[in-house]
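Q: Okay, predicted coordinates and the sequence, questions at the end:
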Amino acid sequence: MEREVRVRFAPSPTGPLHIGGVRTALYNFLLAKKTGGKMILRIEDTDQNRFVPGAEDYIRESLEWCGIELDESPWNGGPYAPYRQSERKPMYMQYAMQLIESGHAYYAFDTAEELDEMRERLKAAKVATPQYNSITRMTMKNSLTLPEDEVKRRLESGDPYVIRLKVPRKEEVRLKDLIRGWVMVHSSAIDDKVLMKSDGMPTYHLANIVDDHLMQITHVIRGEEWLPSAPLHVLLYRYLGWEDTMPEFAHLPLLLKPDGNGKLSKRDGDKLGFPVFPLRWQDPFSGEISSGYREAGYIPEAFINFLAFLGWNPGTQQEIFSMEELANEFTIERIGKSGTRFDIQKARWFNEQYLRAKPDAELAGYLLKALEEHNITCSPEKAEKIAGLMKERVSFPQEFWREAAYFFVAPTEYSEKVASKKWNSQSVAVFTDFRNELSTLSDFNADTVKDLLVSILERHGMKIGMVMQALRLAVTGAEAGPDLMQIIEVIGREETQNRIDAAISALSQYVTA
RNA sequence: GGUCCGUUCGUCUAGGGGUUAGGACUCCAGAUUUUCAUUCUGGCAACAGGGGUUCGAUUCCCCUACGGACUACCA
């Protein structure tokens, strides 16, 4: 009997959700969606010292923006609630006790100073990896070395203690990773990890295994940084007697810096000028602001498409995928093994593709919003037309306003380059006729305006190429843009005439002969 | 340092014992356009190195180099 697929994304609310975390969440979601399974979100807040206000809301809002839907979460509940580890605190101790009783864990009373001392001592003795393990634990203060009655006394008197896993001295721990195949680690490389902290909270390792088991998780898809501790997790499943329902593991390759070495960090975004977080974030302590993809103008579907391809591909030539399509095509087998260098250029390209695929009416909304902020009124029809003219020349929605302001505001500055090269007495003569005869047009649209211009040019013995750039300059002040006749149609007859008049007087110094 | 993971164009990648090693982004050139952009066409550009195995390795194995992660009472 195949179990229903149940995957989880388990972030810590210690700050804004990193883009790598979003990808991890996405892959989990995709697997759930493909298999008709369930997607669970669990908040791993076992470290009270690292709690950051607002981080949990940020996670929630980020996933919503991305279109990653949760079947079970702290916010919409589920059959295995609660979904916050801090609220599950009472559940963990019994499993730690179970491990102590079966001889797989023990109490340890060492202070931080004593631990430091031990590590220093080992370092001085040139031990490669100073760690609390099968050998060193015999020199420390724990229930393996202390007399039974002293352990009892310490426990009863409330001495601070932790519970550590008793990792065997010599044992091969094997683990099958869906992406990497069999991974083998010798138990001597694993230290006696703390399972229960002295504050009564479990560590990640214990809480994670207990919750994944209790929540019937079938696949653990997480970042590669967890691979080294995965064998430890296998041990935990084994000692708890849960090995037969242990989830499958898939460790995702990391997202790397665009340049240089190392994994992608917050600093890289600042340095290279792109966001590393889905949403804008203001640090509640320092007030520092980090930019987000949403605010930068990325369309969530494009962002998701881009993210999906960072380490995964469908094996076909198709690149544009909706969430539905991604879910249909997704398989863990097609996730790559090697780290992925982050390339913002590709994200931008995806955004352009999505922007161009959107209907003009929808795009008009972006423009309308910007216009509102600038106190400019505009009909939806006009905004739609402008959006249609502009959409193939912008990468982000906010550029609709930035690049198309001349549709609403007459130019106050003119491109020096075009003015000096194209503005002359001949073109001024043509424009004078043109602005006057515009009034004679009974039907004012791009076609009739163009016909008029062509006939005037014929009269002057000139070709259209000789004046178009100058006319564009007069009307928009810019060197480039969409079809000029369309622009004129949009801004209207009178405004066009006014702008030509203004340009003729403003650019008179360029007229030489 | 130790353990583990990885290595195909600048980047994301397909492929896989015998291929002109394919695509996408970027970049360059040409065509189209009233300009710019779009679009179209074309171009530059890769199997980290050394040993094996094999008739034949980019593909399989080993070593080296390089890169990465981990090495906390953080996750």
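A: That came through fine.

Q: what's the neighbour count on A:G260?
A: Look at A:G260: counted by other CB atoms under 10 Å, it has 8 neighbours. In this view, the C-beta of every residue, glycine as well, is placed from N, C-alpha and C.

Q: which residue lies farthest from the center of chain A?
A: A:R459 (59.2 Å; CA atoms, centre = their mean).

Q: Can you list phi and psi of it for me?
A: Dihedral pair for A:R459: phi -60, psi -40, per degrees, to the nearest 10.

Q: got a pLDDT number for it?
A: Reading off the confidence values, A:R459 has pLDDT 91.

Q: which residues touch it?
A: Contacts here follow CB atoms under 8 Å, 6 or more residues apart in numbering; on that basis A:R459 touches A:D433.

Q: Ok, the one 5 residues further on next?
A: In this structure, A:I464 makes contact with A:453-454, A:457, judged by CB under 8 Å, 6+ apart.

Q: what do you get if the cut-off is 7 Å, keeping everything else the same?
A: The contact partners of A:I464, by CB atoms under 7 Å, 6 or more residues apart in numbering, come to A:454, A:457.

Q: Could you measure from it over to RNA strand B?
A: 5 Å (CB to the nearest atom of the strand, to the nearest Å).

Q: Distance-wise, check that residue relative to A:P482.
A: Shown here: A:I464 relative to A:P482, a distance of 17 Å by CB to CB, to the nearest Å.

Q: And A:F350, by the same measure?
A: A:F350 sits 23 Å away from A:P482, taking CB to CB as the criterion.

Q: State which one residue of chain A is found closest to RNA strand B.
A: Closest approach of chain A to RNA strand B (CB to the nearest atom of the strand) occurs at A:N261, with a separation of 2.3 Å.

Q: Which positions in the worst-scoring helix or strand of chain A on mean pLDDT come out as buried?
A: Comparing helices and strands within chain A by mean pLDDT, DSSP states H and E singles out helix A:266-272 as the least confident, with a mean of 83. Buried residues in helix A:266-272, counted by 16 or more other CB atoms under 10 Å: A:266, A:268-269.

Q: what does stretch A:272-282 give?
A: Residues of stretch A:272-282 classed as buried by neighbour count (16+ other CB under 10 Å): A:274-281.

Q: what separates it from the chain centre, distance-wise?
A: With CA atoms, centre = their mean, to the nearest Å as the basis, stretch A:272-282 stands 8 Å off its chain's centre.

Q: Dump it to PDB, restricted to CA.
A: Output of stretch A:272-282 as PDB, limited to C-alpha atoms (Å, rounded to 0.1, in the frame of the first residue of the first chain):
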ATOM      1  CA  LEU A 272      24.700  43.300  -7.000                       C
ATOM      2  CA  GLY A 273      21.400  45.200  -6.800                       C
ATOM      3  CA  PHE A 274      18.800  42.400  -6.800                       C
ATOM      4  CA  PRO A 275      16.500  41.100  -4.100                       C
ATOM      5  CA  VAL A 276      17.200  37.800  -2.300                       C
ATOM      6  CA  PHE A 277      13.900  37.800  -0.600                       C
ATOM      7  CA  PRO A 278      10.400  37.400  -2.100                       C
ATOM      8  CA  LEU A 279       9.000  40.400  -0.200                       C
ATOM      9  CA  ARG A 280      10.300  43.600   1.100                       C
ATOM     10  CA  TRP A 281      11.400  43.200   4.700                       C
ATOM     11  CA  GLN A 282      12.300  45.700   7.400                       C
END
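
Q: is RNA strand B contacted by that stretch?
A: No - if you take CB under 7 Å from any atom of the strand as the test, stretch A:272-282 misses RNA strand B, and the best it gets is 12.8 Å.

Q: okay, now A:F444: neighbour count?
A: Look at A:F444: counted by other CB under 10 Å, it has 17 neighbours.

Q: Look up the closest residue to it, ignoring the ones flanking it.
A: Here the nearest residue to A:F444 in space, its sequence neighbours aside, is A:R493; by CB to CB, 6 or more residues apart in numbering that works out to 5.1 Å.

Q: Hmm, A:N445 and the one you found touching each other?
A: No - the pair A:R493 and A:N445 fails to qualify as a contact (CB atoms under 7 Å) at a distance of 10.2 Å.

Q: These two: who's more crowded?
A: A:R493 (15 against 12).

Q: contact partners of stretch A:4-19?
A: Contacting residues not belonging to stretch A:4-19 are listed as A:21, A:24-25, A:28, A:31-32, A:35, A:37-45, A:50-52, A:55-56, A:58-59, A:62, A:215-219, A:221, A:255, A:276-278, A:281, A:290 [CB under 7 Å, 6+ apart].

Q: That one near RNA strand B anywhere?
A: Yes - applying CB under 7 Å from any atom of the strand, one finds stretch A:4-19 touching RNA strand B at A:10-12, A:14.

Q: Make a markdown table out of those residues and add secondary structure.
A: Output for those, formatted as a markdown table (DSSP: H, G, I helix; E, B strand; the rest coil):
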| residue | secondary structure |
| --- | --- |
| A:A10 | coil |
| A:P11 | coil |
| A:S12 | coil |
| A:T14 | coil |
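
Q: Include neighbour count when you put the residues you listed into a markdown table, please.
A: Compiled in a markdown table, those are given as follows (neighbours: other CB atoms under 10 Å):
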| residue | neighbour count |
| --- | --- |
| A:A10 | 24 |
| A:P11 | 23 |
| A:S12 | 20 |
| A:T14 | 14 |
